[in-house]
Structure formats: C-alpha cells, structure tokens
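**Student:** build me a model:
(2 chains)
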Amino acid sequence: MKKSKMVSLKINNQPVSITEGSTVLQAAEKLNIHIPTLCNHDDLCVAGNCRVCVVEQKGARVLAAACAQPAMEGMEILTNSLKVRNARKHVVELLLSEHRADCTKCYRNQNCELQTLANEFSFGDHIFLDLVSKHEQFIDNTSSSIVKDDSKCIRCQRCVRTCSELQKISAIAVSGKGAKMKISTFHDRPISHVVCTNCGQCVNRCPTGALTEKNYIDYVWDAIYDPDKHVVVQTAPAVRVGLGEDLGYDPGERVTGKMVTALKQLGFDSVLDTDFTADLTIMEEGTELLSRLKKALVDKDKETALPMYTSCSPGWIKFIEHKYPEMLPNLSTCKSPQQMFGALAKTYFAEKRGINPENIVSVSIMPCTAKKFEANRPEMRDSGYKDVDYVLTTREFAVMIKQAGLDFRTLKPSHYDSLMGVSSGAGAIFGATGGVMEAAIRTAYEIVTGKPVPFDNLNITPVRGTEGVKEALLKIEGCLKEWSFLEGVELKVAIAHGLTNADKVMRSISTGKADYHFVEIMACPGGCIGGGGQPIPTNMEIRQKRIDAIYEEDMSLPVRKSHENPEIIQLYNDYLGKPNSHKAHELLHTHYIERVRN
Amino acid sequence: MMETKKVSKVDLIFEHIDPRELLTKVHGMTGSDIIEEIIESGLKGRGGAGFPTGMKWKFCAEEKEKTKYIVCNADEGEPGTFKDREILDRVAYKVYAGMTIAGRAVGAKKGIIYLRGEYKFLLPQLRMELDGFHKMIDEVGYDFEIDFRLGSGAYICGEESALFESIEGKRGEPRNKPPYPTSSGLFGKPTVVNNVETLVNSVIILKYGSERYKKMGTRFSTGAKVFSVSGDTLIPGIYELELGMSLLEFVKEFGDGDTKAVQVGGAAGFCVPRKLFASTVIGFEGVPTGGSMMLFNSSRSMYHILHNYLEFFTEESCGQCTPCRVGCQQLLKGVESVKKGESKSTYLNELVKLADTMKIASKCGLGQSVGNAFNSIVENFREEIIY
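**Tutor:** Alright, predicted model coming up:
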C-alpha cells in the first residue's frame, strides 16, 4: 500500500500533522478545536454552502470554509479571530432571518442545530430584517410520513444530498435561484405525488424543523385515554437500541426492559413485540424461498422469479415500485413484520383474548417514517379493519415518555405481554443490515438439512457488517430426503442497505452480471437501526454502536432461531396451520403496484 | 502619484490578420515557448478578475493528465458589458485561433465555447466560420477541435466553475476551490478557461511579440482593453483603449459634461464619484474592469442605481451559500427600509459591515463582489440613499 503523505500546518498557533487530502476541519478535530458546522454531515459529500465553518487563513484575501478547504503544508489557520467571529455571527444572523424561528412551538426545539448556533453566536436583538413573514409560508402536509415546511428551511441541502447520494432518488432537489432558491420536488408537486420513498433519511439529517415526520402522538394519547379501546402496541427491533439516545443514554445502550415498562406506564393495554412477527416473517418468507427454489430447480418453472427480494422495508418497496416495477414478481409476497402484526392483532389476538377487533387500536413504534405510509396502504386491511392504526417513530415515542413525566432511568425492566410478545434472537437482528438474511438462513438451513447452520454460535458473520453491498455463498450439504434437490446447491445471497446500494444490486441483476437466489435490501444505511425515525443525530459511528447492541440482544435471548419460538409454534398450531397456508396467505401476504417514475 | 496615461485608442482586437500565417508560425513553437511569450507580455485576464494568463496556461501545461480542455468563457453577462458579442460577431476566427494556441501550449485537443444564451443568434454564422477554421488548422497540422455550448440565462454561469457544472449538464453552481480549474476543471480534467478577449489578446501577443505588446498600458496593466461605454454619454459604444488612463481622462473623452459617477466593472464593480476621478486609474493597479464603463450624470438617483444592482444580485445569486443568498436580500430590503424611514439611517452601517462579510465569506466571486458596488455607493452617496 502506498504510504500517504502527511502535511503540517498550524491551527490557532498549534502545530498539527495530518494526511494529505484531509480538510482543515479534520485537522482542527485532531487538535480538539471545535469549529461549528451546519451543512456538513459525516454521511454526505462536502458542500461548503452554509459558511458557518469559515476560518481565516493567514495571507488569504477571503475566509475559507473549513469543511471544504484541504489542509496544506505550511498553512496558518485561525478559527476564532475577530474577523472569523464577526463573519460567523453574520452568517448565523442571516440564516435566522430566513428561518421561521417559532422555536417554542417547533418539534425540533432543543434538538435543532440552528438553535444551538444561535445560542452561541446570536443572542440579543436580531441585526437584520425578518425575511420569512414576507415569504409564502407553505407547509406540505400531503405525505403520510413526512412534513416539509419551507419557512424553516435554511437551504443547507443536506436533504438534497441525502436523497441523491445515499438513496439515489432525488425526490427533492434545488429549484430556482437567488432569493427564490428552494428545496423542491419535481414540478413543485406535493411530496405524496413524487418518487419519495418516505425513508425519512432527509428528516434524520435536517438540522432544523423544516423536514419532520408526520406526528401522530396526540391520536395515540386519545386512544389510550378512550376507555372503550384496547390499545395494542408493538415495538420494532431497532427501537430498543436507539430509544436510549433520546433519553440521555449513550449510543448503543439496550433499554428493552425499561422500554416495556414505560409503555405499560403510558397506558398501553397490551405491550407486544414486532420481533415476534419478525420470527413469523422468517417462517413465511423462508418457506416462500424454498418453494420458489423448488419450482425453479425441480419443476423447471420459467415463471418463477428468482432472486427473491425481501419485503420488510417499506422504503425499499416503494423504491422498487417506482424504479424497477418489472421486478415486482421477485419481491417476496410477505408483508413486513409490522403489517403481519397488525393483521394478527385484530384477528388471532382479538379472538384469543375475546376482544371485539373493532375496539382494538393498533399502534406500532418504529425506527422508520416509511412505516407510516405502509400502514396507510389500502391493501393493509386484511383483518377487516385498518391493520395498524398509528405508527410512531422512536423519536415520537421518546416525546411521549417525556410528556408523561416518566423517569426512564429509574424504571424497573419488565417483560412483554404474552401471545405475541416472545421472540428469538433471529427476530431481534432484523434491525441490522444482514439480519433478515441471517435469520432466514438459520431457519431455512435447518429445515432443509435438519442441522443447525455450520457457524460458531449461529453467528453467520459473512452477512454481517456495514459494507454497502455484501455477497455470500452457502453450500447446502446433507439435505433431508424431501429437500434432496438442494443437495450440493450453492445458495448465492446478497445484502444491500441504503437505496444507492440497492440500485447497484438491481442494476447488476437486471444486466445479468449477478445471479443470486436471495437478496436482502433495507432502504436505510445500516438497516433499520439507521432508520429515518431514529434519534437525531445518526452517523456512521452511532449506527455501528446500535448494530453492536442488536447482536448483543440476539446473544442474550434463550431462543436464537425463529422456528423454535414457542409462541410462533403455538400460532401455527392454533390458528394458521402451516407456513404459506391459505389462512397465512390471506393475512400475512400482500401484492405490489407499479408506480410512476417522476 | 501613480503612472497614468491619456486616453489612447488602438485597433488591434478588430484588426484583420491572416490566421493561417500566424498559426503556421505558432505551430513551429514549443508549448513552453508560447507560454513564456504570454507570461512575458504580462497579459492578465480580460474578464475582470485579472489572473495572469500565462501562469494559468503554465499550471495547466504542468498537469500530467492526457485529456485537457480549453474553455472560452463567452457568457458575457455583466451588466453594461457588450464587447465579447462584438468580438465574436466581427473576428470570431481570432477567438478560435486563441483557443488553438492555448491548446497547443497546454496540450489540449478539445475546446469549448460557452456562449451566452442570449447570443444564440450569432451561432449559425459562428458555426460556419468554425467549419472553415477547422479545415484550415487541419491543413496546418493542428489536432484541435472546437465546439459550442449554450448558456440559459443565469449570470452565475459566467463564474468558471459554475460554467463547468452547466456544461456538464448540472445545475450551474460554483464549486469549492481548491481544486482550481487548471488541475480539476471541466469533467474533472485540467482546464484553461479564458475570456473571449483574453484569447484574442494571446493572438495579438504572438503576432507582434510581447515586447511590442508591453509598450501599451502600464507596468501592472499591460496592453489595451475593449471597453463597453454606456449610460450618460453622447458616444456610447465599444472602444479599444490602452490600460492605465485616469478616470478623469476617460470622463473628459466620454462624459456629457455633467458626470457625477462612473460605475467601473458593472454591477460587480466599483462606483467612483467625481471627486475621485483624478486619482483613479483604470487598470489592475487601480480599479479593474471587465470592460463595463457606465457613466451617470446628476439627473440620476444613486439610490435607484444601487437598488437596481441589488435586485439584480438578489435574483442572480445561485442561492447556494448563505452570505450571498440571504445577504443580497438583506441589502436590498435594508436600503428600501432606510429609504422608507422604517429603519434608522444608521442601519446602513450594519449593512456596510454585512457587505464586508459577504466579500470574505461568500463561496464565489459573485457574492464576494456584491459589496464592491454596495459599499462604494453607500459610502460616497449616503444622502441619496437615505433621503
């Protein structure tokens, strides 16, 4: 490997050496010198737009943006000279003048990067005229997932870069110039009518309250306090490893037991687990995969679409519906765990508990904004009712905990309620990229061979990790008699997270460069733990900590394989029959639609 | 006292030459000979920024990349500038020749002329001339090809890196610098981007030699320049004049006898009041200009002039960076509110400070130059802004 060249410079008279190609901002970080930033985000390319991070370079006529300025040999940088301070204060004041600073009413109050900068640089009277009141204040409320409020937008373009770089969608982009420059959609259409996948990655990166999730907190409170309603809540795998961050814990802290207690104290009538239906998804999807393989390999059925794609991620579903509708037959027909749960809550659960499904309100807590859209899809009413009534993000859930005045740290951990509250470690790892694949292999391999997967501790490490696209080969040996057609078959799988990576995989499949059997795709970087509904900020380091926590959760559970989950076994015995049965198809499977590409 | 000159008209830009003869001569020169000659001439960019042309070519020539580009910036958008249109209309072959010479000097085989959208009417004629030119340089032995790209009316696309973005099919927004175009320009390749007039100057230098060229102008501003004279003058039009004259001499020649201010360099330039005419040199040692000279007599309201410029910038900022996008709006609304009496006249002081910030904190030359016009008008004509 070529040894990288170092450059030496001085920042605030302190010498520092750093690899050539690094920025002044990175050099300053090395010295623990804080330079405020705004448009900069670790996940995104450098923009150099907001100019909050300007620094003085001795001998230069103009200030440089520390985030964009390469560190160069012999440079002398001042990060806090009077010239810099005055310019920075002006920049912050200018941003405030185009921002509707209704802070006390804002969802992002106290977690707003502009507010933090204002606290540092701009207390006291505003210098400049307020430009917002003269602007047309337009709030786009049309999406069931995302609310866009242009009057709070400071045009840092983090959302634009997120949508194009991380997700390869560009549902939002810059339009107009000068004073009319704004973040817009195709022909300024409402968000609900463009290619937006509702992934919420833009929401997670918005420094202000310009992009937020659509808030359903008050609907949920109303249901909780309605004496006629039985409110059932489910919590997704990734929530328990993220929630803590919004309640003062360090990233990577698992708060599962306390979270369950909090839900009970908030007044939910039944506190159940999406991990349970994650296990159920494995049963249904694993069986579907095996039957597709059989049709393709034994029956030589040319109609059988392979590879099969996972269908848990609603952002990914909408992406393929818009961009690759010709590949919809490859999507597993399985509903996502959230929607399987919803359909069962108002059928199986209602029946078993003797509750009129009409009186059940089904709430889900998700790391995701696209789940809100998914719950509102017209197909998702197989129970005869709306299967999932309200979807809250991890962040909204944290707000409810704060509203209720719970002292989260002192809560005693408790267990989920029964019937749909027990899960395996395989269900837990759904929250991390590669998790669905690992869970599916743990079960499918054992169904086919009668033996556990040949990996230490069941940890299928080749499918783990944060690489954008992962590929793995698994040779199937020692098949049981009925699966003998799979003997010696090398199962080829791929895993992608983030829609840019998904797009790469889709391209290599559609151009014939790759031939997989099974592909897992998650719309968000890192999988659900990096979902658009997770605590802000989210970045590479935080995602890794949440992933580590998810695998700890897996190891901590007594059952590690979906098909060994006792409540799953009970569900099939008492209600569904067997995986992919007629009843299972009615309740747990769905279909997809082709959507326009603009 | 700075060295100043009388107004001295020359006729080199529009003078007809035999391009084949010149290019045959240049074909016999090495790249470094050409660059040496241009450096020796002291030629600085005629678009307004005044970067030494020879150095630009040298930096690009030193790059190891195989693919390089010569880009001619013909996105003449500065208010009050209309000289490039005239040059392209009358002596386009000299622009082509300049690009060919630059290509030879730095090792580029491809040239692109980024033509202002509003000049589309010139295109059929330009293309016809280009066909003939291509044939001629082929015969002489050059491996060089020129093509056109049209702008779509955004002022910002005259900024070199926004111009590249536009050619590449993206939204025309300036890039972060460094890297500079000579190392990473169009499509990420080393690129020389020169103004129309600069390229023609390189032709003049190679025809007459840098020694003769240097005799025109001053030490810091060698050569002559095409000026676009407009406003309150009886003889508006295009004039090729030696650099280094004082503004007083200029006004004597072109003024209507009642000139109270001259806006030198367009909206992005400086407003010079009558009391400073004598001490202002037109050139890189004084007030530089891309060619725009707007004369205002005492019938003009400087408030309206400033307001007009600020409206222009508020609309033409690309909107990318905070100081420029919001700063322009604040300056515009600010002078309006002072004029209406809604803000105190001392608010102008805050605005001047803001303009100073815009000069140093904006991402590109557009935002950095808004403060030139603003501060020079507010400082010199404060009463006209307030009352």
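
**Student:** residue ranges with poor pLDDT in the chain?
**Tutor:** Since you didn't name a chain, this refers to chain A. Across chain A, the ranges flagged by pLDDT under 70 are A:1-3, A:134-136, A:598.

**Student:** nope, chain B
**Tutor:** Within chain B, the set of residues satisfying pLDDT under 70 comprises B:1-3.

**Student:** and the helix ranked longest in chain B, what's buried?
**Tutor:** Secondary structure of chain B per DSSP state H: the longest helix is helix B:83-106. Within helix B:83-106, the residues scored as buried using 16 or more other Cβ atoms under 10 Å in any protein chain shown are B:83-88, B:91-106. The way it works is simple: take the backbone N, C-alpha and C, and place the C-beta from them, glycine included.

**Student:** helices of the stretch 1-150 of chain B, start to end?
**Tutor:** For the stretch 1-150 of chain B, the helices defined by DSSP state H, counting those that start in this stretch cover B:19-27, B:31-41, B:53-62, B:83-106, B:123-140.

**Student:** one step back: let me know the angle separating the longest helix of chain B from helix B:19-27.
**Tutor:** 30 degrees (axes from the mean of the first three to the mean of the last three Cα atoms, to 10 degrees).

**Student:** so what's the gap between helix B:83-106 and the chain middle?
**Tutor:** Relative to its chain's centre, helix B:83-106 lies at 15 Å (Cα atoms, centre = their mean, to the nearest Å).

**Student:** how many neighbouring residues does the residue of the stretch 251-400 of chain A found nearest chain B have?
**Tutor:** Per Cβ to the nearest Cβ, A:Lys323 is where the stretch 251-400 of chain A lies closest to chain B, at 20.7 Å. When neighbours are counted by other Cβ atoms under 10 Å in any protein chain shown, A:Lys323 registers 19.

**Student:** tell me which parts of chain A are close to chain B?
**Tutor:** With the criterion set to Cβ under 8 Å from any Cβ of the partner chain, chain A comes near chain B through A:46, A:48-52, A:54, A:61-63, A:65, A:68-70, A:83, A:86-87, A:90-91, A:94-95, A:97-98, A:127-129, A:131, A:154-155, A:157, A:174, A:176-181.

**Student:** buried ones among these?
**Tutor:** The neighbour-count test (16+ other Cβ under 10 Å) applied to these identifies A:46, A:48-52, A:54, A:62-63, A:65, A:68-70, A:83, A:86-87, A:90-91, A:94-95, A:97-98, A:127-129, A:131, A:154-155, A:157, A:174, A:177-179, A:181 as buried.

**Student:** against A:Asn40, how distant is the residue of the stretch 51-200 of chain B at minimum distance from chain A?
**Tutor:** Closest approach of the stretch 51-200 of chain B to chain A (Cβ to the nearest Cβ) occurs at B:Asn176, with a separation of 3.9 Å. Between B:Asn176 and A:Asn40 the computed distance is 12 Å (Cβ to Cβ, to the nearest Å).

**Student:** more neighbours: these two, which one.
**Tutor:** A:Asn40 (25 against 18).

**Student:** list phi and psi for the more buried one.
**Tutor:** Dihedral angles of A:Asn40 (phi, psi; degrees, to the nearest 10) stand at phi -70, psi 140.

**Student:** near chain A, which residues of the stretch 101-250 of chain B are found?
**Tutor:** B:154, B:156, B:171, B:176, B:178.

**Student:** how about a cut-off of 10 Å?
**Tutor:** Proximity of the stretch 101-250 of chain B to chain A (Cβ under 10 Å from any Cβ of the partner chain) is limited to residues B:154-156, B:171-179.

**Student:** follow-up on the earlier one: element containing the residue of the stretch 51-200 of chain B closest to chain A?
**Tutor:** B:Asn176 is part of no helix or strand when elements are defined by DSSP states H and E.

**Student:** and it, what is it in contact with?
**Tutor:** The contact partners of B:Asn176, by Cβ atoms under 10 Å, 6 or more residues apart in numbering or on different chains, come to A:46-49, A:64-65, A:67-70, B:161, B:363-364.

**Student:** now A:Gln157
**Tutor:** So A:Gln157 contacts A:39, A:44, A:47, A:49-50, A:163-164, A:172-174, A:181, A:183, B:173, B:320 (Cβ under 10 Å, 6+ apart).

**Student:** now do the contacts for the residue in the stretch 101-250 of chain A that chain B sits nearest to.
**Tutor:** Nearest residue of the stretch 101-250 of chain A to chain B: A:Met181, at 2.5 Å (Cβ to the nearest Cβ). Neighbouring residues of A:Met181 by Cβ under 10 Å, 6+ apart: A:155, A:157, A:174-175, B:173, B:317-320, B:325.

**Student:** am I right that A:Glu487 is in contact with A:Val298?
**Tutor:** No: the criterion here is Cβ atoms under 10 Å, and A:Glu487 misses it with A:Val298 at 11.8 Å.

**Student:** the two: which has the busier surroundings?
**Tutor:** Using other Cβ under 10 Å as the criterion, A:Glu487 and A:Val298 rank with A:Glu487 on top: 14 against 11.

**Student:** contacting residues for that one?
**Tutor:** A:448-449, A:475-480.

**Student:** cool, and A:Ser336?
**Tutor:** A:236, A:274, A:277-278, A:281, A:310-314, A:316-317, A:342, A:366, A:368, A:370-371, A:374-375, A:380, A:388, A:430, A:590.

**Student:** sort out for me which of those residues are in strands.
**Tutor:** With strands taken from DSSP state E, the overlap with the contacts of A:Ser336 comprises A:Met366.

**Student:** mind checking how far the residue of the stretch 101-250 of chain A closest to chain B is from B:Phe374?
**Tutor:** Taking Cβ to Cβ, one finds A:Met181 at 20 Å from B:Phe374.

**Student:** for A:Ala404, give me its contacts.
**Tutor:** With Cβ under 10 Å, 6+ apart, A:Ala404 has these contacts: A:221, A:224, A:262, A:265-267.

**Student:** which SS class is the closest residue to A:Ser175 other than its chain neighbours?
**Tutor:** Leaving aside its sequence neighbours, A:Ser175 sits nearest to A:Ser184 (Cβ to Cβ, 6 or more residues apart in numbering or on different chains; 3.9 Å). Recorded secondary structure, A:Ser184: strand (DSSP: H, G, I helix; E, B strand; the rest coil).

**Student:** and what of A:Phe128?
**Tutor:** coil.

**Student:** now the strands: where do they sit in the stretch 401-550 of chain A?
**Tutor:** A:469-475, A:490-497, A:518-522 (DSSP state E, counting those that start in this stretch).

**Student:** and the helices of the stretch 1-150 of chain B as TSV, adding distance to A:Gln137?
**Tutor:** What follows is these, written out as TSV (distance: least, Cβ to Cβ, whole Å):
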stretch	distance to A:Gln137
helix B:19-27	59
helix B:31-41	55
helix B:53-62	47
helix B:83-106	43
helix B:123-140	44
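
**Student:** who's in contact with the nearest residue to A:Asn330 once chain neighbours are set aside?
**Tutor:** Once flanking residues are discounted, A:Asn330 sits nearest to A:Ala305: 4.4 Å by Cβ to Cβ, 6+ apart. Counting by Cβ under 10 Å, 6+ apart, A:Ala305 touches A:292, A:295-296, A:327-331.

**Student:** looking at chain B, which residue is nearest chain A?
**Tutor:** Closest point on chain B to chain A, by Cβ to the nearest Cβ, is B:Gly319, at 2.5 Å.
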